[in-house]
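*Asks:* Sequence and predicted structure, then a few things I'm wondering about:
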Amino acid sequence: MGPSAPIGWSSFYGWVSEFGGAFPFWIKILYAVLGAQFAFVGYRWIKFEDERRRIEGHLPPLDRGNKTYLWTEVVFRTLIAGFAISLAIMIGEVLVLLIAQYLFFVNLTLVSLVDFFSIFFVAALGTLVYLAREGLDRIFDLKPMMED
């Protein structure tokens, strides 16, 4: 039997903490740093585009839908960058271990950085964000007009 507490914020917090435990610490740090960096740069980029449109006047300023589309672009690029970096780190560790074992006949004991759950989770999340972005573009036509 599960806990007898009613479903509420405490059960949601417990679920989130258990789900967060499924990811290695280095993955959490990687995505926290990338998320903060991309959020900062994305905010400044969207603000710059909006101000430029307001000053120049030949393109309409960004509305809430356009900004939502641009933020999904920022989130998608964050996930792609994190996926590529984590995959490169995992492949690098495997290559170092294989080269050490089969070329130099040395068995290394390193902390395992390979985590397929986080790779597949980010790939699935990236696919969902990509589909949401394409939906915003094709169904609601929220992609802002850009200069050539």
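*Replies:* Here it is on my side, so go on.

*Asks:* Report the contact partners of the residue nearest to the spatial centre of the chain.
*Replies:* In the chain, the residue lying closest to the centroid (Cα atoms, centre = their mean) is residue 79, at 2.7 Å. Applying Cβ atoms under 8 Å, 6 or more residues apart in numbering to residue 79 gives the contacts 122, 125-126, 129. All C-beta atoms are positioned from the backbone trio N, CA, C, and that covers glycine.

*Asks:* separation between it and residue 62?
*Replies:* In this view, residue 79 and residue 62 are 22 Å apart by Cβ to Cβ, to the nearest Å.

*Asks:* returning to what we had before: would you format the contacts of residue 79 as JSON lines with distance to residue 106 and neighbour count included?
*Replies:* Below are the contacts of residue 79 laid out as JSON lines (distance: Cβ to Cβ, whole Å; neighbours: other Cβ atoms under 10 Å):
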{"residue": "122", "distance to residue 106": "32", "neighbour count": "20"}
{"residue": "125", "distance to residue 106": "38", "neighbour count": "15"}
{"residue": "126", "distance to residue 106": "37", "neighbour count": "18"}
{"residue": "129", "distance to residue 106": "42", "neighbour count": "19"}
